[in-house]
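**Q** Just to be clear, the model below is a prediction. Sequence and coordinates:
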Amino acid sequence: MKKIYLLFIVAVFFVSCQGPIGPEGPAGYGTNWKIINLVVTQNDWVESFDDDGINRYYSSYFSMPEITSTVFNDGSVNAYVLIDNTQQPLPYVRHYEDINSNLWTRTVDYNFTQGGMNIFVTNSDFISDPPGTMSFRIVLMW
């Protein structure tokens, strides 16, 4: 009985491995990617306030036609800030203290639409302190 069972398994193996190879299918999502490097200089940051005019933040807008409807609806947009030869994924949040023991937090984040992206920098104390030049790496996948 064991020999018949083994013969059956071997026969199924050989039958399942035969046949012509079909045509290659279309490329699926997740097989395409593009990297975009951005530099925001100190002069590129735009000072803004919330609707009440009290909470200050800085932003920089980039036209980005690479964010197509396919990327927007079915893909992924990931952003990194480049700091000291490292890539920090956004949002990037760091806590600071100056020599006068003043404490604050800086948050760098982003949003995107089809065709464009905003990068934001917000200091928790909302004082006028524009960011300096910052470099970013944007990774699009679809």
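**A** Nice, I can see it. Numbering: from 1, shown residues only.
**Q** so where's the longest strand in this protein?
**A** strand 103-113 (DSSP state E).
**Q** And for that one, what's in contact with it?
**A** 64, 67, 72, 77, 79, 81, 90-97, 117-125, 127, 134 (C-beta atoms under 8 Å, 6 or more residues apart in numbering). For every residue, glycine as well, the C-beta is placed using N, CA and C.
**Q** same check, this time on stretch 63-79
**A** By C-beta under 8 Å, 6+ apart, stretch 63-79 touches 29, 34, 36, 89-90, 110, 112-117, 119, 136-142.
**Q** which of the residues you listed count as buried?
**A** Buried members of those, scored by 16 or more other C-beta atoms under 10 Å, are 36, 90, 110, 112, 117, 119, 136-138, 140, 142.
**Q** Show me the shaky parts of the protein.
**A** 1-19, 25, 27-30 (pLDDT under 70).
**Q** would you list every one of the helices in it?
**A** Along the chain, counting by DSSP state H, helices occupy 2-16, 69-74.
**Q** Tell me where the chain has strands.
**A** Using DSSP E, strands in the chain cover 33-40, 46-49, 56-63, 76-83, 86-89, 92-97, 103-113, 116-123, 134-141.
**Q** Now distance to Ile21 too, for those, in JSON lines please.
**A** JSON lines is the format used below for these (distance: least, C-beta to C-beta, whole Å):
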{"stretch": "strand 33-40", "distance to Ile21": "28"}
{"stretch": "strand 46-49", "distance to Ile21": "56"}
{"stretch": "strand 56-63", "distance to Ile21": "45"}
{"stretch": "strand 76-83", "distance to Ile21": "32"}
{"stretch": "strand 86-89", "distance to Ile21": "41"}
{"stretch": "strand 92-97", "distance to Ile21": "48"}
{"stretch": "strand 103-113", "distance to Ile21": "41"}
{"stretch": "strand 116-123", "distance to Ile21": "43"}
{"stretch": "strand 134-141", "distance to Ile21": "29"}
